[in-house]
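Engineer: Here is my input; please provide its structure:
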Amino acid sequence: MKEYDILAIGSGSAVSVVGAWLDRHPAGRAAVIDKDTPGGICLTRGCIPSKMLTSVADVVRTIERAEEFGVSTKGHAVDFAKVMTRLRDYIDPKIRDLRNRLSQAANLDYYHESAEFVGPSVLRTQHGVEMRSPRILLGLGSEPILPDIPGLRESAPLTTDEVFGLEERPERLAILGGGYIAAEFAHFFSSVGTQVTVVGRNPRFLPQEDAEISDIVTRGLGKRVRLVLGRRPDRVDTDRAGKVTLRLPATERAPRELVRVDRVLVAAGRGPTTRYLHPERAGVRTDSQGWIVVNQYLETGRSGIWALGDATGNYPFKHKANYDAKILHEAIVLGRRTAVDYRAVPHAVFTDPEVASVGLNEGEAVDRYGRRGLLVGRCDYEDTAKGHAIGAGEGRVKVLVRPGTLEIVGAHIVGPQASVLIQEVVNLLYTADRSARAIVGGMHIHPALSEVVEKAFQNVQSLDGPGSPVGTVHRGRSRSPRRGSRGSRAGARRRARPKRRPSGVRE
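Structural biologist: Coordinates of the predicted model:
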């Protein structure tokens with residue numbers, strides 16, 4: 001039986017806690033166990049490689065719009081092999097470096113294999129090594145969910161575990177799923193010339209977003225990608241040449257359909273990996289889906305065992321996992337028990353148009369506070385000088401605040417640099433009063449995109465109608481109606497005009 005002072009399962013964010021503990025206790029012994037490539041999901045098959053691909057897509061879309069600015073590019077071509085090589089040339093050295101550091105670190109043993117609990121604080125690795133520790137961190141990550149559709153497994157579907165290893169661009173690609181993973185890969189593959197069909201069982205694309213934001217993305221991305229929503233294949237067939245056919249059953253609004261493609265990418269969400277670990281043997285509880293149950297201190301039901309990141313099933317984002325690691329650093333390294341504060345966990349979707357959000361969407365906010373307990377503000381990018389200069393299209397900021405105090409309830413942005421613009425709001429949500437007064441009363445650079453956030457908060461009004469702007473927000477300044485905003489005549493005309501819908505989109 002090997003004895004360790006601290007042990008982590010997973011080589012993502014949990015490793016920082018192990019390293020900090022060893023810095024404080026240089027004579028201590030530590031272990032890191034990970035059956036997967038070292039570095040965690042974000043580095044190896046998640047946020048970093050996917051953003052390298054969506055960044056390529058952003059460049060392509062910019063080139064395609066060059067004529068709007070009077071710039072002639074005389075065509076462009078995408079070298080798919082070079083795109084993928086660039087990705088691997090960045091990611092692979094980082095993986096090798098981390099593997100070497102784990103393997104060569106003093107006082108740390110690295111096990112590149114799976115492990116399972118065999119007792120309260122005892123683990124056994126795949127190769128039979130048993131070990132025990134009074135401090136165990138469960139940074140298990142998650143894994144792609146493969147829907148139970150007949151014939152899908154036989155079609156050799158891609159997931160985020162395999163897609164970054166592609167050598168050749170598929171001519172036709174079906175993406176199963178309608179969430180953020182589907183949105184980002186649809187953006188990338190459509191930009192490099194692949195004919196993309198997204199099949200999502202939810203009637204709304206990006207259903208976790210505010211409905212208004214989701215609609216804007218559906219219209220924007222739907223110009224370049226076929227979105228088939230509210231439908232699910234009942235079977236997947238693969239012929240001898242490897243071509244794949246998705247069979248979509250008829251619905252009340254659409255006939256039975258065959259979608260023929262070269263490859264299928266499954267982006268139907270991610271699930272827990274606890275079945276490999278058998279946490280119940282250690283007295284660690286999981287919920288009905290298999291996620292590890294923790295309290296506000298990230299403690300499990302067993303003393304000396306904590307869980308962080310994706311393993312808890314809450315907010316599957318790398319920045320949240322890093323935040324969890326800070327909480328555990330406080331508890332395990334510094335001896336200060338600190339509760340998590342998830343009041344403002346932002347997220348972004350790097351598609352076209354880009355999306356960022358924090359807090360409650362309008363539906364959630366109405367459920368909690370009622371319509372009279374909220375104010376909503378909007379500003380379109382095009383209603384700012386910088387937004388117009390860059391041709392931001394349907395870009396918009398939507399904010400929700402409480403009357404009187406201007407306490408921020410939620411903020412939702414769709415358009416260029418959304419993931420950057422949201423941070424001004426996120427920071428205020430971690431203040432004592434969570435008020436938007438600092439944005440309204442502060443000075444914003446002109447002309448800069450940040451003005452669109454400022455104006456959205458200046459424009460807050462009742463949810464039940466245009467009414468009068470809130471005087472305390474505008475500080476007595478007059479303003480003209482925003483073009484296309486609710487309450488303006490232009491906005492009323494726009495809303496009265498029937499919307500054109502991309503082929504295959506259902507409400």
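Engineer: Helices of the stretch 251-400 of the chain, start to end?
Structural biologist: Listed in chain order, the helices found in the stretch 251-400 of the chain under DSSP state H, counting those that start in this stretch are 318-328, 362-369, 385-389.
Engineer: For the ones you listed, give me TSV that also has distance to Tyr430 and mean pLDDT.
Structural biologist: Heads up, the C-betas are built off the backbone N, CA and C, glycines and all. What follows is those, written out as TSV (distance: least, Cβ to Cβ, whole Å; pLDDT from 0 to 100):
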stretch	distance to Tyr430	mean pLDDT
helix 318-328	11	98
helix 362-369	19	97
helix 385-389	27	97
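Engineer: And those: which comes nearest His112?
Structural biologist: helix 318-328 (20.5 Å; Cβ to Cβ).
Engineer: returning to what we had before: which among the helices of the stretch 251-400 of the chain is found nearest to Val18?
Structural biologist: Counting by Cβ to Cβ, and looking across all of these, nearest comes helix 318-328 at 9.9 Å.
Engineer: re the thing from before, TSV please, covering the helices of the stretch 251-400 of the chain and showing mean neighbour count and distance to Val460.
Structural biologist: Below are the helices of the stretch 251-400 of the chain laid out as TSV (neighbours: other Cβ atoms under 10 Å; distance: least, Cβ to Cβ, whole Å):
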stretch	mean neighbour count	distance to Val460
helix 318-328	21	28
helix 362-369	15	13
helix 385-389	16	19
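Engineer: how about those helices, which one is nearest Asn427?
Structural biologist: helix 318-328 (13.4 Å).
Engineer: do you know how far the nearest residue to Ile41 once chain neighbours are set aside is from Pro279?
Structural biologist: Leaving aside its sequence neighbours, Ile41 sits nearest to Gly141 (Cβ to Cβ, 6 or more residues apart in numbering; 4.9 Å). Computed with Cβ to Cβ, to the nearest Å, the distance linking Gly141 and Pro279 is 14 Å.
Engineer: ok, residues contacting the longest helix along the chain?
Structural biologist: Longest helix in the chain by number of residues (criterion: DSSP state H): helix 80-104. Around helix 80-104, the neighbours that count as contacts under Cβ atoms under 8 Å, 6 or more residues apart in numbering are 11, 15, 32, 37-39, 43-44, 48-49, 52-53, 56, 108, 110, 112, 164, 166-169, 192.
Engineer: Narrow the residues you listed to those in strands?
Structural biologist: Val32, Leu108, Tyr110 (DSSP state E).
Engineer: could you list every residue that touches Gly178?
Structural biologist: The contact partners of Gly178, taken as Cβ under 8 Å, 6+ apart, are Val198, Gly200, Arg201, Asn202, Arg204, Phe205, Leu206, Pro207, Leu227, Leu229.
Engineer: before we move on, which element is it in?
Structural biologist: Under the assignment given by DSSP states H and E, Gly178 is not contained in any helix or strand.
Engineer: how many other residues sit next to the closest residue to it other than its chain neighbours?
Structural biologist: Residue nearest to Gly178 in three dimensions, not counting chain neighbours: Gly200, with 2.6 Å by Cβ to Cβ, 6+ apart. For Gly200, the tally of surrounding residues (other Cβ atoms under 10 Å) stands at 26.
Engineer: Would you mind confirming that Gly200 makes contact with Ile181?
Structural biologist: No. Look at Gly200 against Ile181 with Cβ atoms under 8 Å: they stay out of range, at 11.3 Å.
Engineer: send the alpha carbons of stretch 101-121 over as CSV?
Structural biologist: Taking Å, rounded to 0.1, in the frame of the first residue of the first chain, the C-alpha atoms of stretch 101-121 are listed here in CSV:
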residue,chain,number,x,y,z
ARG,A,101,6.7,17.8,-15.5
LEU,A,102,4.3,15.3,-13.9
SER,A,103,6.7,12.4,-14.6
GLN,A,104,9.8,14.1,-13.4
ALA,A,105,8.4,16.1,-10.5
ALA,A,106,10.1,15.5,-7.1
ASN,A,107,7.9,13.8,-4.6
LEU,A,108,5.1,13.2,-7.1
ASP,A,109,4.1,10.0,-8.7
TYR,A,110,2.1,10.2,-12.0
TYR,A,111,-0.1,7.3,-13.0
HIS,A,112,-1.3,7.4,-16.6
GLU,A,113,-4.1,4.8,-16.1
SER,A,114,-7.6,4.5,-14.6
ALA,A,115,-8.3,3.9,-10.9
GLU,A,116,-11.2,3.0,-8.7
PHE,A,117,-12.0,3.2,-5.0
VAL,A,118,-11.8,0.0,-3.0
GLY,A,119,-12.4,1.6,0.4
PRO,A,120,-13.1,5.0,2.1
SER,A,121,-9.7,6.5,1.3
